[in-house]
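**Q** build me a model from this:
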Amino acid sequence: MNPQIIIIAEQNGGEITPVTYELITGARILQKYTDGNIKIIMTGYKLSDTARQLSKKSGLDILVINTERRANPEQIIPDEIIPDEIIFKNLPAALLNDLNSAYVCMAHNTNGLDVAPGLATKINADCITGVEKIIRTNDGVCFTRSVFNDKITTQIISSAKTTVLTIQPGIFKPDTVFAKTTGKISTISLPLFTNNYQLMGFKDNKADTAALNSADIIVSAGNGIREKEDLDFIYQLAQLFPKSAVTGSRPICDKKWLKYSQQVGVTGATVKPKLYIACGISGSSQHINGMRDSKFIISINTDPHAAIFNISDVCIIEALTTFIPEFINTYQESALKKISD
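**A** I've put the predicted structure just below:
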């Protein structure tokens, strides 16, 4: 049996999430370098239709895991209330060993980062997180990821039999062409004891991000803003443009200076405006993955080595509290001159 490349599929309410198709693209790059077979694993509640949809679109074989989920041998928990990440962390090591898995691929998001380290420990595998590129070298398959607050990149080669990978969303564009053949679907049932967990329930994020999705111009605040009052500069800048919106990175939202519905990044919203103005944002991979597809990016930062500059079209090395007022004054003077002319 050839080594297999396993994809941990993500679904939400029976719908396959876009990042799953990105994982498939990444797995096909690995397949080109290793000649391994690709198999998708998914688990959830009543997913037969979802599995058929994914197998038809991807052409890949899918293993659907049905679990008898118990908090203890006497207490059966309903299928629909156990999160998938808990299931994957508690899968028997023998399952992945039997599948002869060389690589286990999952998304570099909150779910993937929750599962990957524990799963790697259980199956005695290497764990490489935040993969941004996959290449073949003379020494083997090499994975590129950012380190030191995304200021430099490093290349890593795994020597383990199995390697668990988390792949950055937005890196590998999904194939829009449907497969010519439909993959096979198989189902197994496994007992799953989750006596180490006490599920307290779910809290849905009902934040309305419609304004962000429809905005042509987004002005975003980062941790370079030292005082909450300096957010006024961000709002003043946004007000210069029609169809604009104000957003922020996670640190700003964690400080409660902006609402979480305004957060951009892996754990926030993904936006694709015509113009993205990053103010005091260093450029962590989590934030960049939420805005990398913006058509034009302007960044304002005092650090000339800020990672955000690596993806920016215009880089302004200046304090935002100095640059923004100067820009607003220049803009207003220009507007008045046009009126007078």
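**Q** run through the stretch 201-341 of the chain and note the low-pLDDT ranges.
**A** Along the stretch 201-341 of the chain, segments meeting pLDDT under 70 span 201-210, 338-341.
**Q** now the helices for the stretch 1-150 of the chain?
**A** Secondary structure of the stretch 1-150 of the chain (DSSP state H, counting those that start in this stretch): helices located at 18-34, 48-58, 84-89, 93-98, 110-122.
**Q** and residue 187, how many neighbours does it have?
**A** Under the neighbour criterion other Cβ atoms under 10 Å, residue 187 is assigned a count of 12. Every C-beta, even on glycine, is put in place using the N, C-alpha and C of the backbone.
**Q** that one touches residue 62, doesn't it?
**A** No - applying Cβ atoms under 8 Å, one finds residue 187 not in contact with residue 62, separated by 9.2 Å.
**Q** pipe the helices of the stretch 1-150 of the chain into a markdown table and attach mean neighbour count per row.
**A** Converted to a markdown table, those look like this (neighbours: other Cβ atoms under 10 Å):
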| stretch | mean neighbour count |
| --- | --- |
| helix 18-34 | 19 |
| helix 48-58 | 18 |
| helix 84-89 | 19 |
| helix 93-98 | 14 |
| helix 110-122 | 19 |
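**Q** which one of those helices lies nearest to residue 224?
**A** Residue 224 lies closest to helix 110-122 among these, at 24.5 Å (Cβ to Cβ).
**Q** for that closest one, name the packing helices and strands.
**A** For helix 110-122, the packing partners by 3 or more Cβ pairs under 8 Å, 6 or more residues apart in numbering; DSSP states H and E come out as helix 84-89, strand 101-107, strand 126-131, strand 163-167.
**Q** any idea how far residue 183 is from residue 63?
**A** Distance of residue 183 to residue 63, given as Cβ to Cβ, to the nearest Å: 10 Å.
**Q** now residue 129
**A** When distance is defined by Cβ to Cβ, residue 129 is 24 Å away from residue 63.
**Q** now do the strands in the stretch 101-250 of the chain.
**A** 101-107, 126-131, 133-137, 140-147, 152-156, 163-167, 185-193, 217-221, 244-248 (DSSP state E, counting those that start in this stretch).
**Q** what bridges to residue 152?
**A** Beta-bridge pairing of residue 152 under DSSP bridges involves residue 147.
**Q** start the count at 51 instead of 1 going forward.
**A** Done: numbering now begins at 51, and the last item shifts to residue 202.
**Q** just give me the neighbour total for it.
**A** As a burial measure, residue 202 scores 10 neighbours (other Cβ under 10 Å).
**Q** among the helices of the stretch 51-200 of the chain, which is nearest residue 387?
**A** helix 68-84 (46.4 Å).
**Q** can you list contacts of that closest one?
**A** 53, 55, 57-61, 86-88, 90, 104, 107-108, 110, 152-153, 155-157, 159, 181, 184, 186, 191, 215, 217, 219-225 (Cβ atoms under 8 Å, 6 or more residues apart in numbering).
**Q** mind checking which of those are buried?
**A** Buried members of those, counted by 16 or more other Cβ atoms under 10 Å: 55, 57-61, 86-88, 90, 104, 107-108, 110, 152-153, 155-157, 159, 181, 184, 191, 215, 217, 219-222, 224.
**Q** and residue 315, what does it touch?
**A** Residues near residue 315 by Cβ under 8 Å, 6+ apart: 299, 300, 334, 336, 337, 339, 340, 341.
**Q** check contacts around the second one.
**A** Taking Cβ under 8 Å, 6+ apart as the definition of contact, the neighbours of residue 300 are 313, 315, 317, 318, 336, 337.
**Q** redo that, cut-off 6 Å
**A** Going by Cβ atoms under 6 Å, 6 or more residues apart in numbering, residue 300 touches 313, 315.
**Q** turn the helices and strands packed on helix 160-172 into CSV, columns for distance to residue 355 and mean pLDDT.
**A** Output for those, formatted as CSV (distance: least, Cβ to Cβ, whole Å; pLDDT from 0 to 100):
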stretch, distance to residue 355, mean pLDDT
helix 134-139, 35, 76
strand 151-157, 28, 93
strand 176-181, 19, 94
strand 213-217, 25, 95
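**Q** how about the ones you listed in CSV, adding distance to residue 195?
**A** CSV is the format used below for these (distance: least, Cβ to Cβ, whole Å):
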stretch, distance to residue 195
helix 134-139, 21
strand 151-157, 14
strand 176-181, 4
strand 213-217, 9
